[in-house]
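coords please:
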Amino acid sequence: MNGKHKEILLIAQEECAEVTQAISKVFRFGIDATHNDKSNRERLCEEVGDLLCMIELMIVNKIINSDDVDEARKQKLAKLKTWSNIFGEKK
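A predicted model of the protein is given here:
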């Protein structure tokens with residue numbers, strides 16, 4: 001792994017932590033609560049956008065494969081439909 005790949009992965013790791021923190025703020029204070037003139041929804045959107053940018057950079061730089069990511073996404077969706085209540089009652 002080269003230095004560029006390491007930097008992309010390190011920043012992606014940091015962005016994952018920032019998404020986690022933004023979600024924690026939503027749970028603690030509510031999605032529409034504001035701090036310094038910015039809502040938790042706005043902060044969450046920013047952090048998710050930052051993470052998506054890093055995911056895109058991982059794909060563009062061939063650290064991960066977009067087809068593999070899409071397949072994993074589909075498998076997760078199927079699991080959620082079976083094991084969660086996100087889409088209504090479990091089967």
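
what about Ile64, which helix or strand?
Using DSSP states H and E, Ile64 sits within no helix or strand.

could you report the neighbour count for it?
By other Cβ atoms under 10 Å, the residues close to Ile64 number 15. (C-beta placed from N, C-alpha, C; glycine too.)

could you measure it against Arg28, distance?
32 Å (Cβ to Cβ, to the nearest Å).

those helices in this protein, which residues are they?
3-29, 40-60, 66-83 (DSSP state H).

thought Leu9 was touching Ile63?
Yes: using Cβ atoms under 8 Å, Leu9 is in contact with Ile63, at 6.8 Å.

still on that earlier bit, out of the helices of the chain, deepest packed?
With neighbours defined as mean count of other Cβ atoms under 10 Å, the helices of the chain peak in mean count at helix 40-60, which reaches a mean of 16.

which strands and helices lie in contact with it?
Here helix 40-60 touches helix 3-29, helix 66-83, going by 3 or more Cβ pairs under 8 Å, 6 or more residues apart in numbering; DSSP states H and E.

angles on the backbone of Phe87, please.
Backbone geometry at Phe87, expressed as degrees, to the nearest 10, gives phi -100, psi 20.

hang on, it packs against Leu77?
No: using Cβ under 8 Å, Phe87 is not in contact with Leu77, being 9.1 Å away.

reformat the helices and strands packed on helix 40-60 as a markdown table; add mean pLDDT and distance to Leu51.
Formatted as a markdown table, the helices and strands packed on helix 40-60 follow (pLDDT from 0 to 100; distance: least, Cβ to Cβ, whole Å):
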| stretch | mean pLDDT | distance to Leu51 |
| --- | --- | --- |
| helix 3-29 | 98 | 4 |
| helix 66-83 | 97 | 13 |
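
can you list those in TSV and add distance to Lys38?
Below are the helices and strands packed on helix 40-60 laid out as TSV (distance: least, Cβ to Cβ, whole Å):
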stretch	distance to Lys38
helix 3-29	11
helix 66-83	29
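
nearest to Arg43, of those helices?
Proximity to Arg43 (Cβ to Cβ) singles out helix 3-29 among the helices and strands packed on helix 40-60, at 5.0 Å.
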